[in-house]
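Asker: Using only what follows, build the 3D model:
(one chain, ligands or ions: 2)
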Amino acid sequence: MTSQIVEASSRHPKPDRVFSYGTAGFRMKAVLLDAIIFRVGLLAALRSQKLNGKTIGVMITASHNVPEDNGVKLIDPMGEMLEESWEAHAATLANAATDEDVLAIYSHLIVSLKINPSVPARVIFARDTRESGPALVASLVDALTAVGADFTDHGLLTTPQLHYFVRCINTQNPPHTEAYGVATEQGYYEKIGNAYKKLMQGKPKQGTVTVDCANGIGAPKLKGLADFIGKDTLDIKIINDSVDVYSKLNYQCGADFVKTQQRLPPASQVASLARCASLDGDADRIVYYFNDADGIFHLLDGDKIATLAASFITDLVKAVGLADFRIGVIQSAYANGSSTGYITKTLSLPVVCTPTGVKHLHHAATKFDCGVYFEANGHGTVLFSHSAHQIIKSHLPESPAQATALENLRALVDLINETVGDALSDLLLVEVILAHKGWGPKEWDSTYTDLPNRLVRVEVKDRTVFKTTDAERRLLEPTGVQEKIDGLVGKYKQGRSFARASGTEDAVRVYSEAAERGEAEELARLVADIVAQF
Ligand SMILES: CC(=O)N[C@H]1[C@@H](OP(=O)(O)O)O[C@H](CO)[C@@H](O)[C@@H]1O
Ligand SMILES: [Mg+2]
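Answerer: Ligands and ions are numbered 1, 2, ... in the order given. Next up, the predicted model:
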């Protein structure tokens with residue numbers, strides 16, 4: 001096998017660059033990715049062998065990035081992101097200088113990680129709609145073939161669908177008592193779609209929801225889900241679904257466009273107060289929005305989705321009669337201060353703040369019976385602990401009202417993709433809650449008003465000198481900078497600001513909020529000036 005690895009690796013020469021496995025895996029211009037994908041294939045096989053032949057997922061996507069980019073992420077057995085300690089192994093393999101080095105590192109990992117090479121490796125993979133996808137899949141297959149791994153190509157899927165498949169496959173056998181679901185697209189549509197239909201029983205129609213699919217993989221998959229559900233219970237209009245025109249992906253559309261531009265995608269033609277949503281290029285993020293009667297744009301971001309879900313679940317758990325059921329909300333420092341205040345004061349729920357990146361939020365969410373986590377940009381989901389699953393499954397209701405609530409709670413658990421943030425599942429979750437509450441987007445939006453805020457990107461010589469603490473909300477280094485920021489923030493009513501190095505771009509991000517729009521902008525500018533001096 002060793003000669004096969006060197007020989008196969010020689011067909012995938014590495015560009016002269018240093019690569020790192022960041023928050024979003026490896027992501028860059030697609031033309032640079034061939035060698036990386038090959039080496040990720042080797043690592044996926046090792047990861048599976050290390051975990052006794054459990055199935056590992058490989059997703060080829062660059063999410064909301066421009067069409068010329070692509071990327072790759074590994075998925076661990078329960079559908080979660082790759083364990084952090086393995087990110088370094090991914091980077092070491094990706095940066096091996098020669099084909100012999102690739103083999104040497106591969107062999108070293110087998111020894112140092114005590115991997116039994118006779119365990120069969122199992123890998124499944126999929127890709128988004130990018131033009132570069134098929135060639136990168138071929139590189140992956142080349143690696144998996146060289147090491148004799150057992151693999152399945154699932155073609156085009158959304159990122160969360162592949163996460164779901166991985167979990168379904170790895171929960172089929174003992175010690176798991178019940179598979180997470182059926183690892184097919186039909187199985188995914190049935191699990192989520194049937195749960196949605198159950199929750200919508202007897203609920204009046206709420207009018208059309210217009211969904212911008214970013215001209216990406218979300219478009220055909222949302223159509224598949226909507227077809228399964230049927231028009232009686234889901235009144236949906238899909239726009240930006242041109243997946244065949246590669247250049248249109250994420251162009252003037254998608255969740256990132258709407259979030260950063262704070263306006264409707266140009267292709268969206270909707271009446272005022274109509275519900276709209278946008279997915280990103282691999283359908284793991286979603287934001288809602290609407291234009292009010294005066295034509296003013298309102299964004300219902302990840303914070304608003306988290307608060308909506310947390311409030312609904314709190315009421316439902318109460319209606320079921322579950323005592324001592326701990327619900328918590330997990331946010332990053334970018335969550336609007338108003339949302340945090342609303343969760344703690346109005347919903348009376350605990351809030352945990354973690355560093356940026358969904359893997360951190362996901363991890364913190366596992367500490368609750370029910371952990372609701374969302375990044376402000378719309379990536380998030382809801383987790384139920386193992387014991388919460390057991391309680392929900394075995395609880396005996398004491399009244400007809402409790403029985404109905406319990407059926408709804410069970411359906412809600414099925415509706416949610418617990419492996420990772422899933423725009424399709426989150427879309428239906430929001431639709432269900434709005435229908436149950438009888439709310440339009442305006443009522444939802446009026447639960448609290450976002451503090452005016454500003455996010456700026458500051459180019460610096462070396463972003464690694466910015467070291468943070470307290471969930472990235474305070475700078476430890478360079479020394480003295482945090483004191484200067486504190487001095488500024490104190491001058492603004494409801495002022496808050498922080499600076500941290502981006503994990504995905506070569507820049508430092510400065511976030512600020514304050515009671516007035518002008519003040520939030522001024523604060524951001526002044527903090528950015530301080531940062532720019534370094
Ligand atoms: C402010 C912001 O939106 N940051 C994003 C961005 O991370 P940075 O480390 O800030 O570049 O990309 C991450 C991966 O997609 C996402 O998890 C995160 O929310
Ligand atoms: Mg994405």
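Asker: helix or strand for the closest residue in space to Ala96 that isn't next to it in sequence, which one?
Answerer: Counting by C-beta to C-beta, 6 or more residues apart in numbering, Ala96 lies nearest to Val102, which is 4.5 Å off, once chain neighbours are set aside. For every residue, glycine as well, the C-beta is placed using N, CA and C. Under the criterion of DSSP states H and E, Val102 resides in helix 99-112.
Asker: How about Thr210?
Answerer: Secondary-structure element containing Thr210, defined by DSSP H and E: strand 209-212.
Asker: Could you list the paired strands of that strand along with their orientation?
Answerer: With DSSP bridges as the criterion, the sheet partners recorded for strand 209-212 are strand 236-239 (parallel), strand 275-279 (parallel).
Asker: Who are the packing partners of the helix holding Val102?
Answerer: Judged by 3 or more C-beta pairs under 8 Å, 6 or more residues apart in numbering; DSSP states H and E, helix 99-112 is in contact with helix 2-10, helix 34-50, helix 84-94.
Asker: Out of the ones you listed, flag the one nearest Val531.
Answerer: Closest approach to Val531 among the helices and strands packed on helix 99-112 (C-beta to C-beta): helix 84-94, 26.6 Å.
Asker: Pull the contacting residues for Tyr492.
Answerer: Neighbour list for Tyr492: Ala514, Ala515, Glu519, Ala520, Glu522, Leu523 [criterion: C-beta atoms under 8 Å, 6 or more residues apart in numbering].
Asker: That one: what secondary structure?
Answerer: Using DSSP: H, G, I helix; E, B strand; the rest coil, the structure places Tyr492 in coil.
Asker: Residue numbers of the stretch 201-350 of the chain in contact with ligand 2?
Answerer: Applying C-beta under 5 Å from the ion, we find that the stretch 201-350 of the chain lies next to ligand 2 at Asp280, Asp282, Asp284, Arg285.
Asker: List phi and psi for the second one.
Answerer: In this case it means Asp282. In this entry, Asp282 is assigned phi and psi values of phi -120, psi 10 (degrees, to the nearest 10).
Asker: Tell me how many other residues surround it.
Answerer: By the criterion of other C-beta atoms under 10 Å, Asp282 has 31 neighbours.
Asker: picking up where we left off before, any chance of the residues of the stretch 201-350 of the chain next to ligand 2 in TSV, plus pLDDT, secondary structure and distance to ligand 1?
Answerer: TSV is the format used below for these (pLDDT from 0 to 100; DSSP: H, G, I helix; E, B strand; the rest coil; distance: C-beta to the nearest ligand atom, whole Å):
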residue	pLDDT	secondary structure	distance to ligand 1
Asp280	98	coil	9
Asp282	98	coil	10
Asp284	98	coil	9
Arg285	98	coil	8
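Asker: what's the closest of the residues you listed to Ala335?
Answerer: Ranked by distance to Ala335 (C-beta to C-beta), those are led by Arg285 at 15.1 Å.
Asker: Isn't the closest one up against His379?
Answerer: Yes - taking contacts as C-beta atoms under 8 Å, Arg285 lies within contact range of His379: 4.6 Å.
Asker: intersection of neighbour lists for those two?
Answerer: Taking C-beta under 8 Å, 6+ apart as the contact rule, the neighbours common to Arg285 and His379 are Gly421.
Asker: out of the two, which sits in the more crowded spot?
Answerer: Ranked by neighbour count (other C-beta under 10 Å), Arg285 and His379 place Arg285 first, with 31 against 24.
Asker: where's that one relative to Lys50, distance?
Answerer: Between Arg285 and Lys50 the computed distance is 30 Å (C-beta to C-beta, to the nearest Å).
Asker: just Ser425 next, same as before
Answerer: When C-beta to C-beta is the yardstick, Ser425 and Lys50 sit 30 Å from each other.
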